[in-house]
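[1] sequence below, structure please.
(chains A and B)
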Amino acid sequence: MAVVWDMSQWTQAWRTDSLQPTVRSSGTRTTTSGTAMYGRTAGGANQSVTNGTSNGGANSGGGVSGGAQGHDKLKIGFCTDLDKSVLVNNFEKRGWHQVNGDDDWHFYWAGVQTCRNIFSVDSGYRMHDNQMINHFPNHYELSRKDLLVKNIKRYRKDLERDGNPLAEKTESNNSSGTRYLYLDFVPTTFVLPADYNMFVEEYRKFPLSTWIMKPCGKSQGAGIFLINKLSKLKKWSREAKGPFHPQIAKESYVISRYIDNPLLIGGKKFDLRLYVLVASFRPLKAYLFKQGFCRFCTVKYDTSVTELDNMYVHLTNVSVQKHGGEYNTLHGGKWSVQNLALYLEGTRGKEVTDRLFGAISWLIVHSLRAVAPVMASDRHCFECYGYDIIIDNALKPWLVEVNASPSLTSTTVNDRILKYKLIDNILSVVLPPDGVPDVRWNKVPSADALGNFELLIDEELAAQDEQHQNSSSNTHSKTSKMGSRWK
Amino acid sequence: MEELQDASIHHMTAKVIAAIKNTKSYEPIYKELQKLVCNPTVDTHDMRNTLEDAIKSAGLETEIRNIVFNLVRTRLSKTDDKNLANKQGAKPTVSDPLGYLKRAGVLWDRRVRKSLNAMCTELKVPLHGQPRISADREDFMAKWNELSNYNMDLANYRPVYAPKDLLEVLLSLKGPAKTTENTDQIPQWEFSHIALPVKNLFELRAHYADLLRSDSYLGVPDLTIQCQRILEGRHAPMCQQFLKKGCTPAPYRGALWASVLDSKLHDYDIEYWQKLRNAVWTTDHIVDKLVFKDIQLTASNDDQYFVFEDVLYQVLLCFSRDTDIGGCVEYEAFPVKGKTYEGPPSGVVPFHGICMFAAPFCYLYDSPVNLYYTFRAFYIRYCHRLTTINTHPQGIVSLCLLFEKLLQTYEPQLWSHFRELQIQPLRVVFKWLMRAFSGHLPPDQLLVLWDLILGFDSLEILPLFAIIILSFRKESIMQVASLDSIEAILADLSSIKVLPLVQLALSRD
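    This next block holds a predicted model:
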């Protein structure tokens, strides 16, 4: 069977990271496993074979067994703010019963507002050890467009101040400025109105580029528009200050350099939607769902000025595309990441394809590390993020935004299967092996429990492995154990 | 004896030389050769040896070898068959036991063309097409790269035929022996009476023996390096041999296929492609509508291929104008009385799903022109045999027969299950066979299956693989009792892995 994803590419990238010393040894890890990243053979026989050998190692550290006996007969109550069948079916499959938010629940699939209420001091609600909830209280540090940019900028500055090689800069190829060599994964972005002057300065450097304006707090493509003249922005700003649009005046916007050289496939623009599960921010434990998809515009990509206002050309959000005349309900404009990898390998070669997917993992990990220090890493929480990524025609991925409540609405049959599987795999990763929510669990899921998720990073395991290696010269057994974790 | 062999080699050589002179590559090679003669290393005193060396070092020898390899595979064997047929008798009708089959082939082709003609009459459009009015031509040219945005009314157009139409004709095929026998004795729904020779599993194992060999070529274990070296060597037979492994690295598949199918681009190919494109731009032909209709009905709705919609329009429109195709594909020749009908310029009447033969190539080639020539070669060599009734050992009739015999012999339980339910097993798998699994298997697996078609130069893998899938899902099939339920069980092939299943089936005792 074909190994689609060779980890050596991104482990190489990891080697530049002095904060992540364990990865150096991952070179010894075999890369011939069936559980290759974005492998088209998700699940399947091969995976369970490799799992068989690694289970012991991954499970042995768990402190679960003692706790599990205590709640053997515990009936698990779930609560959900979203009445989605992919959720309810998954909960019921596990024999859970539905309860109200006021009752004693063990698992809450909440809306962000509910979550904030539960964690607010005023509510006086205190969660017990057998409760879990699907958001971190201040997820907006990652999911709000302005805060994400702010956090990433701070993260880079901090690393730079510490003299970390990750923060190395290089001459930018198209301007007098410099850019980060390894951490340049979000398009240049400013918050308006606060950074207006900085934006104007940047705008003057590249007067020909197009900028995209997005309201910070909205999602699904609402309120987004493109700008290629400063005068247009000024006009907008005057109007916003006027008496007719008081709501715009209050709202802050981000303005980002528009990726005007996107990779086109079949002449059409697309973006990637990837699902990332964070089980903990400190230590960081994150997993990437292998079955992401590309979302295609229904209309041909065209940069001409006349098309600047045709949002169907530019925005790939399904909620935007659904209103286009040519939306296809059979595939919904969604194309699997596996197919993208197959296409890119076939037409561009393996090396560049591997490099692209390596860069995507890199981007996700560092966006998470950027927010980790400010996140309230409550042990009751986990969160599944929808990462929106655009790939440019040099096959460089750009992080566009992160959604803390990715849509669980199914647009097609395959979409439904995918989302059902996503929820199922999320549950099996965040819950201890006995299936009962328990914050005392060490959050080291077995390879079997990962399903279609693969480990992006587990700082705790990485630190342990480093310790093992330092304390013992007999590294043979250690490396093989660690190898399984990185698969 | 030796003399005879000698004579046959001379005969063959003469034929090959004659054939080479008729190929498009003859002229460029001849020019290249003329240049080599002027090369300082070529010595007039020892012309033969020095010129040969020069030919070798310039890489021209490999090219000539590849041309010979391809001629022998395609055109020469065809003319041989024809000569043989001519020698056997001027009136094949009387003696040929397969006469009825050939006749059915001619009639099928005629029926398809007649439908096209009838459609033309009904819609009042000329069969030969008409010049596009200038506004339309400009619109068409402007939208050439985004033909999904080209608007036309297709409400009155239907695919000329679909797999099930061909299946019905196949199932109604009657041999001449039928009339004399007691028809009650022979089940009406079987197919196996057709007297075409097909392989049994033992022979298939022998044919696919290389699939089970684990040795590596060139003594290098790494597939990528093997592949690179083979491609550097440019020998078509080596490329073909490599595909037999069924684990072709995706980045090299396009080059390997082009090498095996002799579809690497030459300057004259690019010119010809432009000529075809111009023909599409200037004339409006009924097949254009059928092509658009077909893509909209199939590839545009397919979650594996919809992104390539616009590439497929270009490729299939040019395909419809390509008169070279008619000269390459084999049609059954049999004297049948009645009116003959003209077809489109390519001779191929588009049917429901024809674009699915081209769609998988979108994962191999970025440019439509590259895609076009490899697809065209693949169509001529393989796909065409799947949509016409013919006596070729790899024609759809033989493949159906092979399927039935394998099922009967190796899955008797399934066979009798189908029989009890009065379901022709062929009904369940015919769409797979006729489309060579395109649109049914996910692309990564489909390409592996097509690797094997090319590597072993045979479509027999299709019925074999159909059996393998039935066998794999046997338990579920045995539990249901209707055609719909069986089809539901077989609808989703996304979890099927080609190579391990085929290897398992071939290695099992």
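
[2] any idea which element the residue nearest to residue B:105 when sequence neighbours are not counted lies in?
    Among residues not flanking residue B:105 along the chain, residue B:332 sits closest, at 3.5 Å (CB to CB, 6 or more residues apart in numbering or on different chains). The way it works is simple: take the backbone N, C-alpha and C, and place the C-beta from them, glycine included. If you go by DSSP states H and E, residue B:332 is not part of any helix or strand.

[3] and residue B:332, what does it touch?
    B:101, B:102, B:105, B:106, B:109, B:388, B:389, B:390, B:391 (CB atoms under 8 Å, 6 or more residues apart in numbering or on different chains).

[4] likewise for residue B:289?
    B:152, B:154, B:157.

[5] buried sites along whichever strand or helix holds it?
    If you go by DSSP H and E, residue B:289 is part of helix B:286-297. Using 16 or more other CB atoms under 10 Å in any protein chain shown as the test for burial, helix B:286-297 gives B:286, B:287, B:288, B:289, B:290, B:291, B:292, B:293, B:294, B:295, B:297.

[6] now swap in stretch A:454-471 and tell me
    By 16+ other CB under 10 Å, the buried positions in stretch A:454-471 come out as A:454-462, A:464-466, A:468-469.

[7] how about stretch B:471-478?
    B:471, B:472, B:473, B:477.

[8] ok, now stretch A:428-447?
    Within stretch A:428-447, the residues scored as buried using 16+ other CB under 10 Å are A:428-434, A:436-439, A:441, A:443-447.

[9] which stretches of the stretch 101-250 of chain A form strands?
    A:107-109, A:132-133, A:169-171, A:178-180, A:189-192, A:211-215, A:225-227 (DSSP state E, counting those that start in this stretch).

[10] now render those as TSV, adding mean neighbour count, distance to chain B and mean pLDDT.
    As requested, these are exported to TSV (neighbours: other CB atoms under 10 Å in any protein chain shown; distance: least, CB to the nearest CB, whole Å; pLDDT from 0 to 100):
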stretch	mean neighbour count	distance to chain B	mean pLDDT
strand A:107-109	24	28	96
strand A:132-133	23	31	96
strand A:169-171	12	29	82
strand A:178-180	14	29	82
strand A:189-192	21	29	89
strand A:211-215	21	23	88
strand A:225-227	19	20	84
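
[11] hang on, the earlier thing: which of the buried residues of helix B:286-297 sits closest to chain A?
    residue B:297 (11.1 Å; CB to the nearest CB).

[12] how about that closest one, what does it touch?
    Here residue B:297 is in contact with B:159, B:352 (CB under 8 Å, 6+ apart).

[13] where's it relative to residue B:287, distance?
    Distance, residue B:297 to residue B:287, using CB to CB, to the nearest Å: 15 Å.

[14] any idea which helix is longest in the chain?
    All of this refers to chain A. helix A:350-371 (DSSP state H).

[15] wait, chain B was what I had in mind.
    helix B:99-123.

[16] what about residue B:54, how many residues nearby?
    Here the count is done by other CB atoms under 10 Å in any protein chain shown, and residue B:54 has 20 residues near it.

[17] circling back to that earlier point, of the buried residues of stretch A:428-447, which belong to helices?
    Among those, the members found in helices (DSSP H) are A:428, A:429, A:430.

[18] adding pLDDT, write these out as a markdown table.
    Below are those laid out as a markdown table (pLDDT from 0 to 100):
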| residue | pLDDT |
| --- | --- |
| A:428 | 96 |
| A:429 | 97 |
| A:430 | 97 |
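
[19] now flag whichever of those residues is closest to chain B.
    Distances from chain B to these, taken by CB to the nearest CB, are shortest for residue A:428, at 19.5 Å.

[20] so how far is residue A:279 from that closest one?
    As judged by CB to CB, residue A:428 and residue A:279 stand 12 Å apart.

[21] same check, this time on residue A:98
    24 Å.

[22] compare the two (neighbour count), which wins?
    When neighbours are counted by other CB under 10 Å, residue A:279 comes out ahead of the other of residue A:98 and residue A:279, with 22 against 13.

[23] give the contact list for that one.
    A:285, A:286, A:287, A:382, A:429, A:430, A:443 are the contacts of residue A:279 under CB under 8 Å, 6+ apart.

[24] let's see 10 Å
    Neighbour list for residue A:279: A:285-287, A:379, A:381-383, A:426, A:429-430, A:441, A:443-445, A:453, A:458 [criterion: CB atoms under 10 Å, 6 or more residues apart in numbering or on different chains].

[25] go on, residue B:279?
    B:129, B:285, B:317, B:318, B:320, B:321, B:322, B:323, B:345.

[26] I'd like to know which of the ones in helices among the buried residues of stretch A:428-447 is nearest to residue A:116.
    Nearest to residue A:116, judged by CB to CB, of those is residue A:430 at 19.9 Å.

[27] which residues touch the closest one?
    A:107, A:132, A:134, A:277-280, A:285, A:287, A:381-384, A:437, A:441, A:443, A:445, A:449 are the contacts of residue A:430 under CB under 10 Å, 6+ apart.

[28] over to residue A:104?
    A:77, A:79, A:128, A:130, A:131.
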